[in-house]
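1. I would like to see how this sequence folds:
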Amino acid sequence: MTGKLMKVGILSREEYRERTIAIARGAYKPKSGIPNIWFESIRSMAQVLSNENQELLRIIVEQKPNSIKELEIFTGRKSSNLSRTLKLLARYGIVDLTRDHKTLRPVVKATDFLVEFGVGRHFPKVAA
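-> Take a look at the predicted model:
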């Protein structure tokens, strides 16, 4: 399975805010290839990209379900559980939920993830 790479960053909410302000002020120019999505912690990333959710992505890619009901059959998971998980994955841009008539069809947008984080600040601190 060849997939689309999504870059993931780990940055606290405060650091993300400071980074955004520094960019807006012109005090920091992000390098190219910055992460597509940001998580506040490794723990929050692990919840979204859990083994169970990775397996769900693999099933969607391989089986290409036409609806959440069909995905329910492929996974053995209840549609309410799948809907919640798919909405979460869609919020992070990992999955698209495409409306076909009256049904939602899940489409995986990212199958490979590159995680970037560090302990040092890489942008100017916002003055208090």
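2. please enumerate the helices of the chain.
-> Using DSSP state H, the helices assigned to the chain run over residues 13-25, 42-48, 51-63, 68-75, 79-91.
3. tell me which of these sits nearest to residue 115.
-> Of all those, helix 42-48 sits nearest to residue 115, with 7.1 Å by Cβ to Cβ. Using the backbone N, CA and C atoms, a C-beta is placed for each residue, glycine as well.
4. pull out the buried residues from the closest one.
-> Buried positions in helix 42-48, judged by neighbour count with 16 or more other Cβ atoms under 10 Å: 45, 48.
5. same check, this time on stretch 86-97
-> 86, 89-90, 92, 94-95.
6. then stretch 61-80?
-> Those would be 65, 67-68, 70-72, 75, 77, 79, for stretch 61-80 by 16+ other Cβ under 10 Å.
7. where does confidence bottom out across the residues you listed?
-> pLDDT across the buried residues of stretch 61-80 is lowest for residue 79, at 88.
8. contacting residues around that residue?
-> Applying Cβ atoms under 8 Å, 6 or more residues apart in numbering to residue 79 gives the contacts 68-69, 71-72.
9. residue 65 versus that one, what's the distance?
-> 11 Å (Cβ to Cβ, to the nearest Å).
10. okay, and the helix or strand of the chain with the least pLDDT?
-> Every helix and strand in the chain was compared by mean pLDDT, DSSP states H and E; the lowest is helix 13-25, with a mean of 85.
11. one step back: wait, which of the contacts of residue 79 is closest to residue 8?
-> Nearest member of those to residue 8, counting by Cβ to Cβ, is residue 71, at 23.8 Å.
12. thought residue 62 was touching that closest one, still the case?
-> No. Contact criterion Cβ atoms under 8 Å: residue 71 and residue 62 do not qualify, at 11.5 Å.
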